[in-house]
Structure formats: C-alpha cells, structure tokens
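K.L.:
A predicted structure for the sequence below; I have some questions about it.
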Amino acid sequence: MQLKRLFPSRVLSPRNSMAALIIAITTMHAAGDPHLHHWEQASRDPDRLVLTWPGDPATSAAVSWRTNSEVNRAWAEIALSIPEPRFDLAAKRYLAKTVVVDQKLESSNKQREVHYHTVVFEDLEPETKYVYRVGDGVDHWSEWVQFETASNEAKPFKFVYFGDAQNGVLSHWSRVIRAAQSHAPNARFYLHAGDLINQAHQDQEWAEWFKAGGWIHSSTPSVVVTGNHEYQRFSGNDGGEKVLSMFWRPQFNLPTYGSLPDQLQETVYFYDIQGVRLIVLNTNRQTEQQVDWLDKRLEENPNPWTIVTYHHPMFSSGRDRDNKRQREIWKPVFDKYQVDLVLQGHDHTYARGHIPVSAHEASQNNEIQTMYVNSVSGMKMYDFVDSGWDIYAPYGAVLDRRAENGQFFQVIEVDNNELTYQAIYG
C-alpha cells in the first residue's frame, strides 16, 4: 500500500518496488552534497539558531541563524509568551540584517556561499518570557522558541561555564552540554571560555557545535570567548596572519564599544546581570590595549560581584605553558578591584585556586581575594604540570583542587551575598 502511494502510476512487484525506492532515495540525496550530512547543508530552512545579548540582558536579545544563498531577505517574529496557543497573533515582525559568508575562503569547506541573518530585539521587558521564530517570511520558518529576559535588579540566578569543547564536539562534548542543561535547566546563560571548536574556519566543526547543543543554543543565551583556536590562517596562506573565524561575527551578535580597536570588537565586552558584572577579555590580540578599558569597567562597577572570563589562564596548569605578560599587565588590575572569580580554559586540565588577602594566612582563615579556575569540557586532555602552582607562589596563588582526564562543566549560583561554585563531571 505504501509503495502504491509513492508510485501510483503502476503496481510494482516487490523486486521492482525496492529498485524504484532505491532510485527515489538516491535522487533525493543527489540534491545535496554527498560529502555532507543533511544537518551540515544550508537550505532555505533556518538552522544554527543562537541567542546572544547585544546589550542589556534585561531589555535586549539577538538571534542569529543560517540559510543558503537563496534567502536574501529574512525575518524574525517575537511575541509575549502567554498560556493561549495563539500568542502568534500578536507577534511583531522584524527584518533581519543579512551577511554573505563565502565559506570557500577556506578551501577545505564543502559549501560555498551561505547567508547569516541577525535580528536584535530591543525595548524588552525585564523578567519576561518571550517567544520568537525566524524564517524567510513565507513558508520556511523555525519553530517558536521561548526565552526569558533577565531581571534589572540583583536577584539570585545560575549560569553554566564550560572550558574548551574543541575536539570531538558532536561525538564527545554533546553529552556535557546536555548534562549541564539537565542539571541546571534554569541557567540564565551558558559561558564558553574559548576554543569552542578546533579549526576556526571549518564549517563542519561549527556544524557539530550547533548540533551538539541543538535547541539549547536557541533558547538560552551564549556568552562566548575567543580562544586561540578561534584564530586561524586560511589554507594556502601559511605565512599570513591568523585571523578571527569567518563565522564569529556573523553568528554571534555581541556588544561593541567605540573605545576599543576594531580587532577587539565583539571579542571584548561586558554585561551587568542581576548583581554581577561579567567581563569578557581577549587573550589572543592586543592584550595591553585592553588594560585601560578593563580598569574603567571595574572602577565604575555598581554590582556587588565581579566575574572575568578569558581563554589563556593567569596561572597555567598544563605542562610547558605560561602567560607571564598577562600576569604582569592584568593581574594588578584584578587585585586593585578584588575581582571575585576568573573563569578560563586552554590548558585541558582542571585547576581551582585562589589569591588570598594574605598568602601567609591563607591556610588559617581562607580569606579569598580572587578565585581562579581553569577547566576543560571536551575530549582532548593534557597532563597537569608536576609542580602544580608552586612557581606562582610569588604572586600569592594557592592551588586548592586539581584534576586530569575529566570532562567538566561548572554551575555557578549567585544569591545576594553568596556565590556558590560547583564543578561537575560531564
């Protein structure tokens, strides 16, 4: 019966039916690139939806997504989330900004031109649930996705922090982000401390990152940090400069500042969120040019808590690694304003330690000035440096916990005058 419906022009024998079915399936596959999975190939249907904050997390949000080059104009629709199923009747439509990305700038990519679309939602109400969808405005739409704006006051919340995903992102990291969502389903955002993938310009690797997180990326905002693997030379340009991933700015809409150089735009930024000032820095480019900007952001901070995140650790835990210049120019600023928590990646080990108010008294009263964490969430692992953090004793660093060969995610909860940090095996 099924085959008659598929091929109504004649009755097929079982052998002929199977042959015809194989031909039909082959024809369907031939429409795409046989070297790509169906979820890697761009089409008119929107995919790779990701939610970010372009400004105030209480009043703004941005969604970016991908289509093939046939979609030159795209839209997002947004409405208040209400119990009635026809919330969509009150939806407002916004025209997207569309950017063309020629993926063949990196010759190993299988596809050529794709389009990335972004819509910024502004003037939203704090602590309010919204639903949105994106598409071509006709018949190629995403599902409706729900998200909630942050409060504009200091209120308790949780967020999740990941060190490097980088390798085996779909096969091995997917379990970590999904476990994190299960453990902290009401997380306000997900923080990725660099090296989200391994090769900056490889579309296939970004495809894995988006598939691994799936709907999580579209419904919970991502706070993303540039790691060294977000910078790469294009193939055939061995002597050229490593440049930021061609996909970074098209797919992540992040705050910009006139006081920062062009190279640092959308890689250095900050948010004030429910009693926390969260500052994102870039350890790959122009680190000295970030010092004055960082100092001003810390000086004017109205929040009781300060968290800073970047990729290369202040105190390395992996063998044969050190970031001395970073300590020389950034740590004095952290100390000056007593930054509470620093979240890092890069070393593919787990380390948690702190700078006590007095290094000599640390074991007696455990007074903490700044807590530093290095973590890893992906499958690539390094050995912990034999000496631990002993070589950083002159900087007042005390190592509290160390681990090797483990995939971690961290859940951090802020509740008025208390910050709770929990590291969890994926």
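P.N.:
Happy to help now that I have it.
K.L.:
is it true that Lys104 touches Val114?
P.N.:
No - using CB atoms under 8 Å, Lys104 makes no contact with Val114, being 10.4 Å away. For glycine as for every other residue, the C-beta is placed from the backbone atoms N, C-alpha and C.
K.L.:
more neighbours: which of the two?
P.N.:
Between Lys104 and Val114, counted using other CB atoms under 10 Å, the more crowded position is Val114 (23 against 13).
K.L.:
who's in contact with the closest residue to that one other than its chain neighbours?
P.N.:
Counting by CB to CB, 6 or more residues apart in numbering, Ala42 is the residue found nearest to Val114 once chain neighbours are left out, at 4.5 Å. For Ala42, the contact set (CB atoms under 8 Å, 6 or more residues apart in numbering) comprises 66-69, 111, 114-115.
K.L.:
buried subset of those residues?
P.N.:
The neighbour count (16 or more other CB atoms under 10 Å) marks 66-68, 111, 114-115 as buried among the contacts of Ala42.
K.L.:
contacts for stretch 224-238?
P.N.:
By CB under 8 Å, 6+ apart, the residues outside stretch 224-238 that reach it are 52, 105-108, 164, 166, 191-201, 240-245, 248, 252, 254, 267, 280-282, 284-285, 309-312, 345-346.
K.L.:
PyMOL command to pick out the buried ones of those residues?
P.N.:
The buried residues among the contacts of stretch 224-238 can be selected in PyMOL (16+ other CB under 10 Å) with this line:
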select buried, resi 52+106+164+166+191+192+193+194+195+196+197+198+199+200+201+243+244+245+248+252+254+267+280+281+282+284+285+309+310+311+312+345+346
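K.L.:
rewinding a little: with respect to Ala150, which of the contacts of Ala42 is nearest?
P.N.:
The shortest approach to Ala150 among these belongs to Arg66, at 26.3 Å (CB to CB).
K.L.:
and after the host helix or strand of the closest one, which helix or strand comes next?
P.N.:
Taking DSSP states H and E as the definition, one finds Arg66 inside strand 61-68. Counting by DSSP H and E, the element after strand 61-68 in chain order, helix or strand, is strand 75-80.
K.L.:
just checking, what packs against that next one?
P.N.:
Secondary-structure packing of strand 75-80 (3 or more CB pairs under 8 Å, 6 or more residues apart in numbering; DSSP states H and E): strand 92-95, strand 113-121, strand 129-135.
K.L.:
could you dump these into JSON lines with mean pLDDT and distance to Asp390 added?
P.N.:
Formatted as JSON lines, the helices and strands packed on strand 75-80 follow (pLDDT from 0 to 100; distance: least, CB to CB, whole Å):
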{"stretch": "strand 92-95", "mean pLDDT": "98", "distance to Asp390": "55"}
{"stretch": "strand 113-121", "mean pLDDT": "98", "distance to Asp390": "47"}
{"stretch": "strand 129-135", "mean pLDDT": "98", "distance to Asp390": "50"}
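K.L.:
and these: which comes nearest Gly378?
P.N.:
Judging these by CB to CB, what sits closest to Gly378 is strand 113-121, at 24.7 Å.
K.L.:
what does that closest one contact?
P.N.:
Residues contacting strand 113-121 (CB under 8 Å, 6+ apart): 42, 46, 54, 60-69, 71-72, 74-76, 78, 94-103, 130, 132, 134, 247, 250-251, 253.
K.L.:
give me the distance from stretch 293-313 to the chain's centre.
P.N.:
Relative to its parent chain, stretch 293-313 has a centroid offset of 19 Å by CA atoms, centre = their mean, to the nearest Å.
K.L.:
what of stretch 411-426?
P.N.:
Relative to the centre of its chain, stretch 411-426 is centred 19 Å away, using CA atoms, centre = their mean.
K.L.:
the helices in the chain, which residues?
P.N.:
For the chain, the helices defined by DSSP state H occupy 2-6, 14-30, 174-183, 203-213, 215-219, 248-251, 291-299, 324-337, 362-365.
K.L.:
so what are the domain limits for this structure?
P.N.:
1-31, 47-148, 157-425 (automatic domain parsing).
K.L.:
rank those by pLDDT, which is bottom?
P.N.:
Mean pLDDT values for the domains of the chain show the minimum at domain 1-31, a mean of 37.
K.L.:
spatially central residue in this structure, please.
P.N.:
For the chain, the residue nearest the mean C-alpha position is Val224 (4.0 Å; CA atoms, centre = their mean).
K.L.:
roughly how far apart are it and Gly55?
P.N.:
16 Å (CB to CB, to the nearest Å).
K.L.:
over to Glu122?
P.N.:
Between Glu122 and Gly55 the computed distance is 8 Å (CB to CB).
K.L.:
so between those two, which is more surrounded?
P.N.:
Using other CB under 10 Å, the more surrounded residue of Glu122 and Gly55 is Gly55, with 17 against 12.
K.L.:
now the more buried one: closest residue in space, sequence neighbours ignored.
P.N.:
Pro255 is the one closest to Gly55 (CB to CB, 6+ apart), at 6.0 Å.
K.L.:
my guess is that neighbour contacts Phe270. True?
P.N.:
Yes - between Pro255 and Phe270 a contact is recorded at 7.3 Å, counting by CB under 8 Å.
K.L.:
ok, back up a step: quick check, nearest of the contacts of Ala42 to Ser316?
P.N.:
Arg66 (35.9 Å).
K.L.:
what sits opposite that closest one in the beta ladder?
P.N.:
Beta-bridge pairing for Arg66 (DSSP bridges): Asp47, Tyr116.
K.L.:
list the contacts of it.
P.N.:
42, 46-48, 114-117, 251.
K.L.:
would you turn these into CSV with distance to Phe334?
P.N.:
Listed next are these as CSV, based on distance: CB to CB, whole Å:
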residue, distance to Phe334
Ala42, 42
Pro46, 41
Asp47, 40
Arg48, 35
Val114, 40
His115, 41
Tyr116, 35
His117, 38
Gln251, 30
